[in-house]
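>>> Next come a sequence and a model predicted from it.
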Amino acid sequence: MFPIIGIIALAAACYLAFRFGGFDEKATAFAFVVATIASRLVQQNNYAETEMGVLVVDFLLLAGLLILALKSDRFWPMYAAAFQFVGSLVHVASMAEQGAYEWAYAVGLVFWSYPVMIALMAGTWLEARSRQLRV
């Protein structure tokens, strides 16, 4: 059930970004889709231990969001990068934890992906609204 909600949220965020967003929103939506597919391809042990492949994907997405936040004239990329940073720290915490933590690890990663998508949707809405006001 929860993977379906995530895919629907991702599809909605990407649709809105490609339909109403500017370059920043479209680039971020594309990066989200690539990161989602890459994460599924490199996931190995169902979160029983630190997913090194997913860690690399998440840190590459973080790097892209940081570059966007530094170059963009909008505020939302800073929020997206901050949320992605916190989500990426879940991987670091999983390296320090001993014992059965699969559920907490997986939920931590999934949980922090939603605020990143919400930041993208908010940025898309603000971009579309500012374009509408300029016309």
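Great, that's in hand.
>>> C-alpha from now on. contacts and neighbour counts both.
Fine.
>>> show me where pLDDT drops low in this structure?
Applying pLDDT under 70 to the chain picks out residues 1-2, 135.
>>> What segments of this protein are helices?
2-20, 23-42, 52-71, 76-96, 102-134 (DSSP state H).
>>> which residues does Ala122 contact?
Each residue near Ala122 by Cα atoms under 8 Å, 6 or more residues apart in numbering is listed here: Trp76.
>>> again with Leu62
Counting by Cα under 8 Å, 6+ apart, Leu62 makes contact with Ala81, Gln84, Phe85, Ser88.
>>> swap the cut-off to 6 Å and go again
Gln84 (Cα atoms under 6 Å, 6 or more residues apart in numbering).
>>> With Ser94 as the reference, measure out to it.
Noted for Leu62: a distance of 18 Å to Ser94, by Cα to Cα, to the nearest Å.
>>> likewise Ile118?
Distance, Ile118 to Ser94, using Cα to Cα: 25 Å.
>>> Have a look at the two and say which one is more surrounded.
Remark: of Ile118 and Ser94, Ser94 carries more neighbours, 21 against 17, as counted by other Cα atoms under 10 Å.
>>> Name the nearest residue to the more buried one, ignoring sequence neighbours.
Once flanking residues are discounted, Ser94 sits nearest to Thr50: 5.8 Å by Cα to Cα, 6 or more residues apart in numbering.
>>> Could you tell me how many residues sit around the one you found?
Residues near Thr50, counting by other Cα under 10 Å, number 22.
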